[in-house]
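Peer 1: Sequence plus the predicted model coming up.
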Amino acid sequence: MSSTWKLASLPCGRRSKWVVLALWLVLLVALGPLAGKLTGAEDNQASSWLPGSAESTVVLNEQRTFQPVDTAQAVVVYQRTGGVTPADRAEAAREAAGFAAVPHVVGPVVGPVVSGDGQAMQTVVPIDISGSNGWNALKPAVETLRSTAAANSQGMTTHVTGPGGIGADQAKAFAGIDSSLLAATVSVVVVLLLLTYRSPVLWLLPLLSAAGALTVSQAFIYLLAEHAGLTVNAQSAGILIVLVLGAGTDYALLLTARYREELRRHEDRHEAMAFALHRAGPAVLASSATVVASMLCLLIAEMNSTRGLGPVLAIGVLVALAAMLTLLPALLVIVGRWVFWPVRPGYGTPEPTRSGRWAHVGAWIARRPRAVWVGTALALAACCVGLVSLNASGVSTAGTFTGKPDSVVGQQVLEQHFPGGTGAPLSIVSTAADAPAVRAAAQSTPGVADASPPIVRDGRALFRATLTDPPDSRAAKDTVDRVRAAVHAVPGADAKVGGNTAVVLDAGRAAANDNRAIIPLVLGVVLLILAVLLRAVTAPLVLIATVVLSYAAALGISAFFFANVFHFQGQDQAFPLFVFVFLVALGIDYNIFLMTRVREESAQHGTRQGALTGLSATGGVITSAGLILASTFAVLGTLPLVAFAEIGFAVALGVLMDTLVVRSVLVTALTMDLDRHMWWPGRLSRRSANAQAPEPAGRRPGQP
């Protein structure tokens with residue numbers, strides 16, 4: 001008996017299945033309470049998102065010399081169209097004095113300052129976001145500012161905007177993200193599993209296994225965040241839920257489908273599961289290895305948020321893999337065949353997929369495979385035309401939200417009556433001795449409205465420069481480059497420029513660098529895994545080409561919808577990278593599921609027949625898996641943030657294209673057309689169509 005057979009038999013042995021179940025129960029009891037603490041371990045401070053070596057990050061860290069805590073400036077805006085009155089000014093001044101007592105408000109409250117046209121006032125309120133507070137402190141503080149300003153407005157319109165107000169609205173959008181995403185994702189998975197299995201009970205086992213995997217992965221990630229310095233933020237924690245439930249359910253569907261096949265060939269369910277694990281295990285392992293390797297490629301990213309996302313998702317996928325190869329098989333064998341009721345796979349009954357819908361699709365492709373793959377490829381290429389609408393250069397503050405929260409309205413009011421950069425000035429640090437020269441250089445730069453007197457401490461100086469343009473505009477970003485050039489030219493000043501606009505600029509450039517570095521790396525890693533799995537060169541190259549074409553087509557269609565249907569302003573700079581990593585890693589999954597089965601069948605019946613058998617055997621389960629994974633990512637669209645909505649839409653669309661078009665039609669047609677050359681230079685490329693007789697169904701792998 002081979003070692004592979006022994007490993008495959010472990011979760012489904014007559015006694016060992018109970019040991020596996022007991023081990024998982026112990027894990028869940030021990031780690032379950034820790035999973036609930038993950039939200040509290042999230043680091044949502046600016047430094048956890050920004051590129052660590054960027055100039056704006058250096059300034060952010062150096063500002064702690066001048067102020068003991070990190071702050072976000074909330075700007076309270078008052079507007080009266082006919083002009084603010086003396087009573088309005090007195091009320092705003094009274095409120096400004098009271099703002100200092102609001103929890104988490106630190107430092108001097110500045111204002112109220114009346115606009116040049118006399119129709120608006122602004123009060124700047126610094127809010128502590130350091131330490132464990134993060135942006136969670138913004139929401140209650142800003143809500144208090146809003147209610148206080150609105151309560152005594154006396155006919156004025158009031159808003160709270162600036163970095164503090166915007167951050168509070170973002171925190172509100174993320175509030176409860178874990179529970180809402182979990183509820184929505186589980187609901188989608190339950191419905192689709194019911195439709196897939198058409199059984200009132202079978203769906204419970206994959207769902208319980210996926211839920212167990214999510215709980216254990218969250219606990220592990222919490223421990224690493226607390227004791228090993230792993231960075232987790234709201235973004236990575238939210239995507240973790242979607243990926244573990246989606247990918248875990250995919251693996252469950254593939255294994256359950258193969259188990260159902262083997263139950264028709266083996267009277268003993270333990271033996272049937274051992275065969276199912278032995279046959280489907282390599283595909284599931286290769287699939288998860290592709291996802292994990294792709295996620296770990298994110299470790300070379302400059303953006304801290306992107307770099308932290310990689311290990312978090314890799315851990316989630318590894319735990320999901322372990323659950324689906326151990327816990328799920330044990331549960332299926334323990335409950336027996338009845339769990340498939342009302343369609344129990346009886347021993348000796350025919351396999352329905354051999355003559356089902358996908359068998360007919362395969363027969364249609366087999367008539368003219370070259371015409372099919374050429375036509376399909378041209379159709380996908382036509383979808384890529386939509387890429388001209390892609391605008392992954394970042395979004396403005398207003399474009400961040402799917403709706404129009406108070407901070408966005410307030411920012412627009414602020415820009416009507418004050419210099420565009422009010423409330424989000426540049427932060428400039430330099431040596432104290434050269435501060436006058438640096439300030440003069442900044443103040444004389446086109447696009448700078450004013451520069452404050454410097455604050456000097458420990459030989460360094462800090463001052464603020466207000467921009468004339470809105471802080472999230474292209475013009476403001478150009479001003480940052482001009483200011484940097486001007487202050488860097490002051491000899492010996494060691495001057496650096498940060499602030500919100502500089503942060504956005506540096507993040508965009510870091511994201512562009514990440515795109516150029518990580519995308520080729522992911523392609524190389526996936527190509528290597530496919531070459532090892534399929535023992536060929538042609539097949540991996542063909543599969544990579546099809547997935548890249550699918551990615552470009554999905555991006556093109558998405559860009560068209562974003563611009564013309566949803567009317568989004570643009571895409572985040574990291575959008576192409578995130579969509580690429582998810583689609584290539586997950587899209588390759590379905591090609592792996594198909595091609596490992598095709599290779600298995602080709603060794604017995606030849607490549608063309610192997611392609612037909614592989615498609616008919618895996619078509620239904622892969623389509624169901626794709627629908628589930630696409631639906632789980634589509635759940636991201638329920639969040640009121642454009643970045644999540646765009647990623648969810650594009651990944652869901654790409655997964656559907658992979659399962660319904662690329663894998664089922666394009667790859668199958670290419671395999672039939674290339675025939676045995678698909679496996680070049682491996683042994684299968686040198687075999688005739690019927691070089692090997694079918695293996696007897698009752699013989700165990702590894703036995704003579």
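Peer 2: Okay, I see it. Numbering: from 1, shown residues only.
Peer 1: Helices of the stretch 401-550 of the chain, start to end?
Peer 2: Here the stretch 401-550 of the chain has its helices, by DSSP state H, counting those that start in this stretch, at 406-417, 435-443, 474-488, 500-534, 538-564.
Peer 1: So for Gly238, which of those sits nearest?
Peer 2: Smallest distance to Gly238 across those (C-beta to C-beta): 18.9 Å, for helix 500-534. For every residue, glycine as well, the C-beta is placed using N, CA and C.
Peer 1: Give me the distance from the closest one to the chain's centre.
Peer 2: The offset between the C-alpha centroid of helix 500-534 and the centroid of the whole chain comes to 14 Å, using C-alpha atoms, centre = their mean, to the nearest Å.
Peer 1: Could you list the low-pLDDT ranges of the protein?
Peer 2: Within the chain, the ranges that satisfy pLDDT under 70 run 1-9, 41, 43-49, 68-69, 130-136, 174-182, 348-356, 423, 687-704.
Peer 1: For the residue lying farthest from the centre of it, give its distance to Ala92.
Peer 2: Largest separation from the mean C-alpha position in the chain: Pro86, at 51.2 Å (C-alpha atoms, centre = their mean). The spacing between Pro86 and Ala92, counted by C-beta to C-beta, to the nearest Å, is 11 Å.
Peer 1: Which element, helix or strand, includes Ile241?
Peer 2: According to DSSP states H and E, Ile241 maps onto helix 234-263.
Peer 1: Show me what secondary structure element comes after that helix.
Peer 2: The C-terminal neighbour of helix 234-263 among helices and strands, as given by DSSP H and E, is helix 269-296.
Peer 1: ok, Thr501 to Thr538 distance?
Peer 2: Relative to Thr538, Thr501 is positioned 50 Å away (criterion: C-beta to C-beta).
Peer 1: Looking at these two, which is more packed in?
Peer 2: Thr501 (27 against 19; other C-beta atoms under 10 Å).
Peer 1: From Gly167, how far off is the more buried one?
Peer 2: Using C-beta to C-beta, which is the criterion applied here, Thr501 is 15 Å from Gly167.
Peer 1: again with Glu143
Peer 2: The spacing between Glu143 and Gly167, counted by C-beta to C-beta, is 13 Å.
Peer 1: can you tell me which residues contact the residue nearest the centre of the chain?
Peer 2: Most central residue of the chain, judged by C-alpha distance to the mean C-alpha position with C-alpha atoms, centre = their mean, is Ile239 at 5.0 Å. Listed by C-beta atoms under 8 Å, 6 or more residues apart in numbering, the contact set of Ile239 reads Leu309, Leu313, Leu636.
Peer 1: Helices - which of these land there?
Peer 2: Among the contacts of Ile239, the ones falling in helices (DSSP state H) are Leu309, Leu313.
Peer 1: Go ahead and confirm Lys172 touches Pro140.
Peer 2: No - judged on C-beta atoms under 8 Å, Lys172 makes no contact with Pro140 at a distance of 10.6 Å.
Peer 1: Identify the contacts common to those two.
Peer 2: With contacts defined as C-beta under 8 Å, 6+ apart, no residue is shared by Lys172 and Pro140.
Peer 1: So which bits of stretch 532-551 are buried?
Peer 2: In terms of neighbour count (16 or more other C-beta atoms under 10 Å), stretch 532-551 has its buried residues at 533-540, 542-544, 546-551.
Peer 1: export that stretch as PDB, just CAs?
Peer 2: Coordinates of the C-alpha atoms in stretch 532-551 are reproduced here as PDB (Å, rounded to 0.1, in the frame of the first residue of the first chain):
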ATOM      1  CA  VAL A 532       4.800  20.500 -12.300                       C
ATOM      2  CA  LEU A 533       1.100  19.400 -11.900                       C
ATOM      3  CA  LEU A 534       0.500  18.600 -15.600                       C
ATOM      4  CA  ARG A 535       4.100  17.500 -16.400                       C
ATOM      5  CA  ALA A 536       4.000  19.500 -19.600                       C
ATOM      6  CA  VAL A 537       4.900  22.900 -21.100                       C
ATOM      7  CA  THR A 538       2.300  23.400 -23.700                       C
ATOM      8  CA  ALA A 539      -0.700  23.000 -21.500                       C
ATOM      9  CA  PRO A 540       0.500  25.500 -18.800                       C
ATOM     10  CA  LEU A 541       1.200  28.100 -21.400                       C
ATOM     11  CA  VAL A 542      -2.200  27.600 -23.000                       C
ATOM     12  CA  LEU A 543      -4.000  27.800 -19.600                       C
ATOM     13  CA  ILE A 544      -2.100  30.900 -18.600                       C
ATOM     14  CA  ALA A 545      -2.900  32.600 -21.900                       C
ATOM     15  CA  THR A 546      -6.600  31.800 -21.600                       C
ATOM     16  CA  VAL A 547      -6.800  33.100 -18.000                       C
ATOM     17  CA  VAL A 548      -5.000  36.300 -18.900                       C
ATOM     18  CA  LEU A 549      -7.400  36.800 -21.900                       C
ATOM     19  CA  SER A 550     -10.300  36.200 -19.500                       C
ATOM     20  CA  TYR A 551      -8.900  38.700 -17.000                       C
END
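Peer 1: So what's the gap between it and the chain middle?
Peer 2: Using C-alpha atoms, centre = their mean, we find the averaged C-alpha position of stretch 532-551 to lie 24 Å away from the chain's own average C-alpha position.
Peer 1: Assumed Ile127 was part of a strand.
Peer 2: Yes - for Ile127, which was evaluated using DSSP: H, G, I helix; E, B strand; the rest coil, the result is membership in a strand.
Peer 1: Can you name the residues bridging to it?
Peer 2: Under DSSP bridges, the beta-bridge partners of Ile127 are Ala72, Val105.
Peer 1: Would you confirm that it contacts Val105?
Peer 2: Yes - with the criterion set as C-beta under 8 Å, Ile127 and Val105 qualify as a contacting pair; they are 5.8 Å apart.
Peer 1: which residues are common contacts for those two?
Peer 2: Here Ile127 and Val105 share the contacting residues Ala141, scored by C-beta under 8 Å, 6+ apart.
Peer 1: Please say which of those two ends up with more neighbours.
Peer 2: In this comparison of Ile127 against Val105, neighbours counted by other C-beta under 10 Å, the higher total goes to Ile127 at 31 against 21.
Peer 1: Look up the closest residue to Leu318, ignoring the ones flanking it.
Peer 2: Here the nearest residue to Leu318 in space, its sequence neighbours aside, is Val292; by C-beta to C-beta, 6 or more residues apart in numbering that works out to 6.1 Å.
Peer 1: cool, Val408 as well?
Peer 2: Ala398 (4.8 Å).
Peer 1: what's the answer for Tyr197, then?
Peer 2: Trp203 (5.5 Å).
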